[in-house]
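Student: I would like the atomic coordinates for the input below:
(chains A and B)
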Amino acid sequence: MTQQMIKDNIFVIYDPSGELIVTLANGDSIDEVEAFTKLLGDFGDDYDFITFIVDNQSGLPNVGTSATKIFNDITGIGTWSGNYNDRALFGTNKILTVTRHSLDSDLSYGVSIAQLLHEIGHTWCFYLAGGVPAGNPLALLCEDWPFDPIGKYGHWGRWPDNANSCMDYDQAEWIATGNGQYNRKKHGDYEADWFGYHPLDLYLMGLIPPGEVPPISIVQNPNPPLDAVESGGTSGPYTPTPGVAQVTITDVTSYWGYRSPDYTQGQRVFHQAWIFITKDQKSDTFYDSLNSWQKNFANKFRKATGGRALIDASLLRVKKPSSQIDYQELFFRDSDTSGDIYGTDTGYFWNSPDLWVRKNDEGTSPGLEHQPPVKGQTQSSWIYACINNAGGPPYPGVTVNFYLANWANKFMPGTEFLFPVDWNPNGLIGSVTGITATPGTVVPPGKTYVRIEWPANKIPDAATCSHPCLLAEIIPLEVTPSGLHHVFENRKLAQRNITIIDNTTPDPQDPQPFMFVYDFMIGNAHRSSHVTRLHFTSVKQSEDIHLFLDPCGLMEELSDAGESMEVDLPFSSERVLSSDDGVIYINSSDFLKKLSFRNSGSHTGDLNGITISIPSETEIGILSDPDEEPGEQTLKIRFCRDTTLQIGYRKSNTIRKKYQISGLKPVILNGVPLLQVTDIRSAGLQLPLKRGQTPKLRLIGFVTSRKNRGQTVEYDITESLDEKTILGGLRLQVNL
Amino acid sequence: MNSRLHEVFFRAKKKYLPYIGVLGVGYGSKIRKKTIVAQQSIIVLVERKLPEDQVPKGQVIPPDFEGFPVDIRVPRIVMTEEEQVNPVPGFIETDYEWINLGKIHLIHLRQNSPKNNAEGKL
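Tutor: A predicted model of the protein is given here:
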């Protein structure tokens, strides 16, 4: 009689009498359908991958290491393109691939990280060479192949320089020596950290665009020939004959067509269930090792895909007669106006109250006010997260991962972040594992506070004006959505995207006017070309702050449309400031004078004609007769100040119409074309972005008055596709 | 890819998978003496190869199907531990790519059926 057990995130079937063994004429196998049915007795149909670990050491058959595809609807990936559906076999609506591994004595082979990556990789790879006609360069991708011919058209061959791809058998790399020759280095399953996926693998997996796949060098007919059985270490040099061939992504797409769905639409989040089948009673130590191995694999998959995809290998607890806990009852709130029921947010989702920073370690009862790092701090800060549990029972084995966003752009603040790519392993600050999310004692949800230390040397550029965005995730993850998506689409994600500008004036009794520059990015590398709308709002505002938006070249016509203003400020086209410059103290009187003059009229743009500069004290005489000589009695007009006159026709509102500008006025400030925020209640514009374009913009602020010091002003910058579809945003807080 | 092969494969699967002793239907290379003799063929995995007179009536699998050669072979489903370490030339890996796990399940159910056991029908 079999028994089922749950050992953390491993589903164990104890089968002492071998009931799951199927006896065939050519050997024994395991009834995997039966085993999966047992999993469904305790869990839901929530898994894309089912991985069987068969304990052949206990007397069960050694089924080797392999993958069986259950479902496919992807095209453009080779011979496995097109619709295929065997899900009815398992009674599932979810499974993509079943993999199996026979347990080695120390988990180092068969269940090695390389083999785990390899078998999951068969969901998409490597089927490009099968059936191609003679002479097609794609045929070179599987040459040469000294192994079982069964596997030839499902793997890379030995000739291609496929870097560290795990989707081959030879586990070797070619190293160019620079003179047309190559050395060859053999690796092995024990090198878990070396293996990954080649860019062509990643393209087939639907994770990168075709343009990011480099040409693949084929070291064809190497001389001397490769040994049928290659020994370890490095050998060479080898000379390709007649020379190095190349296979390009164009060769792939011209024969198979483009991968569909493409990298913007494909699945990114996968769930996997590990089913361990054994005849033996295993120790807790063994299951700890197996769970640790599983975590290593999940982390490795995420890294090997560059964070573009992930596998959640946790068992998703769902309500069954045997248990009332449900992974969907764990959540982060999205905004500071959120109630305690997920989905009731009315505020902006980049300001989660469940993700924040404290200056000190406050244990499990932290203060809730966000205290971001300050410039030049040498001590650690602490990042807190609050897991809400809307369910009744405690939920065990929860993990929270904390990230800095936008690691590829030096952690610059950005508006739109997409999961999982922006919750990237390269930006991982730390994790808390083994959490039990407690339920509410009186009313749900229960709140469990977790924290990690944020060492000062991991706080990037803790400058006053360049604050990175914090991201967090709860594992177990949601099953949907599974493609690229935003934080507000997934209750397991949180974002804290706030920058604080601090006026640390030298003399608090005599606060000086100051200016600041705030750099931020818009768009996302995974978004197709679109028109994006930026909207500025103020949660708390002040008349003492004057804001200017620098579109940084996105509006070519701006330099012709703005009114010129020269002011005595440390800011010009020659001296372009950035967030790294922090707060700069200024003499604001000249600026205010000219700003108020600019704001006093009802004009909305330059005239298309000539501009006359008239210095102060210039007098113009008005004569009644052209022959009259000017004299003491002549009526005069005196210009008491330096003045600029424009004579001409008002320029068309082309720029306003083109960019749908509202609440903003084009100006040229010290030679720099900017948009002055004239009405924060309605300030906005739209900008066309190309596919994958993520431009940097700049907000320049001038705090001109010494009144109202001690106050805090907050601005939200929202990026949206239209009135309803908000893609992201960030908050800027200015402490006067 | 010969997209026609893909369509033919579905028809072959529908026809041959229900046959007694058939463990799976797929497509790929036809292999003879460890050599690929045809890149595009219909693969029929059988539990054992039988003389024609021992095949159930109406279930003889022909050498070709709708213009594609048929490769009837017995899949490898188990390995020794030594075979599992580092593939070598001629090394035969397991053949689970086209094994139909539902068929394996049915065979398992029949094996565990007391009636079949009593009558010796496995």
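
Student: hey, let's count contacts and neighbours off CA atoms from now on
Tutor: Will do.

Student: wait, does stretch A:218-236 contact chain B?
Tutor: Yes: in this structure, stretch A:218-236 sits against chain B according to C-alpha under 8 Å from any C-alpha of the partner chain; the contacting residues are A:228, A:229.

Student: tell me which residues in that stretch are buried?
Tutor: Within stretch A:218-236, the residues that count as buried by 16 or more other C-alpha atoms under 10 Å in any protein chain shown are A:218, A:219, A:220, A:221, A:222, A:223, A:226, A:236.

Student: Need the distance between the two termini of it.
Tutor: 16 Å (C-alpha to C-alpha, to the nearest Å).

Student: ok, how many other residues are close to the residue of the stretch 251-400 of chain A found nearest chain B?
Tutor: Each residue of the stretch 251-400 of chain A has a distance to chain B, by C-alpha to the nearest C-alpha, and the smallest belongs to residue A:256, at 7.2 Å. Summarising burial for residue A:256: neighbours were counted as other C-alpha atoms under 10 Å in any protein chain shown, giving 18.

Student: Next, the residues that contact stretch B:25-41 from outside, please.
Tutor: The contact list for stretch B:25-41, computed with C-alpha atoms under 8 Å, 6 or more residues apart in numbering or on different chains, reads A:130-131, A:148-150, A:153, B:5-6, B:9, B:12-13, B:16-17, B:42-45, B:68-71, B:90, B:98-100.

Student: Now do the buried residues in it.
Tutor: Taking 16+ other C-alpha under 10 Å as the neighbour-count basis, stretch B:25-41 is seen to contain the buried residues B:25, B:26, B:27, B:28, B:29, B:30, B:31, B:38, B:39, B:40, B:41.

Student: end to end, how far does it reach?
Tutor: Between the opening and closing residues of stretch B:25-41 lies a distance of 11 Å (C-alpha to C-alpha).

Student: So what's the gap between that stretch and the chain middle?
Tutor: Averaged C-alpha coordinates place stretch B:25-41 at 12 Å from its chain's average position (C-alpha atoms, centre = their mean, to the nearest Å).

Student: any idea of the mean pLDDT in it?
Tutor: The pLDDT scores in stretch B:25-41 average 86.

Student: Could you do stretch A:394-412 as well?
Tutor: The predicted model assigns stretch A:394-412 a mean pLDDT of 88.

Student: Stretch A:643-651 now?
Tutor: Averaged over stretch A:643-651, pLDDT sits at 75.

Student: next one: stretch B:61-80
Tutor: Averaged over stretch B:61-80, pLDDT sits at 90.

Student: is chain A contacted by it?
Tutor: Yes: applying C-alpha under 8 Å from any C-alpha, one finds that stretch B:61-80 is in contact with chain A at B:74, B:75, B:76, B:77, B:78, B:79, B:80.

Student: Take the buried residues of stretch A:218-236 and keep only those in strands.
Tutor: Helix and strand membership here follows DSSP state E; of the buried residues of stretch A:218-236, those in strands are A:218, A:236.

Student: Make CSV out of the buried residues of stretch A:218-236 and add pLDDT.
Tutor: Compiled in CSV, the buried residues of stretch A:218-236 are given as follows (pLDDT from 0 to 100):
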residue, pLDDT
A:218, 97
A:219, 97
A:220, 96
A:221, 96
A:222, 97
A:223, 95
A:226, 94
A:236, 91
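
Student: from the buried residues of stretch A:218-236, which is closest to chain B?
Tutor: For the buried residues of stretch A:218-236, the closest approach to chain B (C-alpha to the nearest C-alpha) belongs to residue A:226, at 12.4 Å.

Student: mind listing what the helix or strand hosting residue A:610 pairs with, with the direction of each?
Tutor: Secondary-structure assignment from DSSP states H and E places residue A:610 in strand A:607-614. Within its sheet, and counting by DSSP bridges, strand A:607-614 is paired with strand A:643-650 (antiparallel).

Student: and residue A:274, how many neighbours does it have?
Tutor: The number of residues packed around residue A:274, counting by other C-alpha under 10 Å, is 24.

Student: excluding its backbone neighbours, what's nearest it?
Tutor: The shortest distance from residue A:274 to any residue other than its chain neighbours is 4.9 Å, reached at residue A:51 (C-alpha to C-alpha, 6 or more residues apart in numbering or on different chains).

Student: List of residues touching the host helix or strand of that neighbour?
Tutor: Take DSSP H and E as the rule and residue A:51 turns out to sit in strand A:49-54. Strand A:49-54 is contacted from outside by A:32, A:60-63, A:95-103, A:111, A:120, A:270-278, using C-alpha under 8 Å, 6+ apart.

Student: Next: stretch A:514-521.
Tutor: In this structure, residues lying in contact with stretch A:514-521 by C-alpha under 8 Å, 6+ apart are A:412-415, A:465-466, A:501, A:503, A:577-579, A:581-588, A:694-704.

Student: Among the residues you listed, which are located in strands?
Tutor: Counting by DSSP E, the contacts of stretch A:514-521 contribute A:501, A:584, A:585, A:696, A:697, A:698, A:699, A:700, A:701, A:702, A:703 to strands.

Student: JSON lines please, covering those and showing pLDDT.
Tutor: Conversion of the ones in strands among the contacts of stretch A:514-521 to JSON lines gives the following (pLDDT from 0 to 100):
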{"residue": "A:501", "pLDDT": "71"}
{"residue": "A:584", "pLDDT": "79"}
{"residue": "A:585", "pLDDT": "79"}
{"residue": "A:696", "pLDDT": "91"}
{"residue": "A:697", "pLDDT": "92"}
{"residue": "A:698", "pLDDT": "91"}
{"residue": "A:699", "pLDDT": "91"}
{"residue": "A:700", "pLDDT": "90"}
{"residue": "A:701", "pLDDT": "89"}
{"residue": "A:702", "pLDDT": "86"}
{"residue": "A:703", "pLDDT": "83"}
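
Student: Cool, thanks, talk later.
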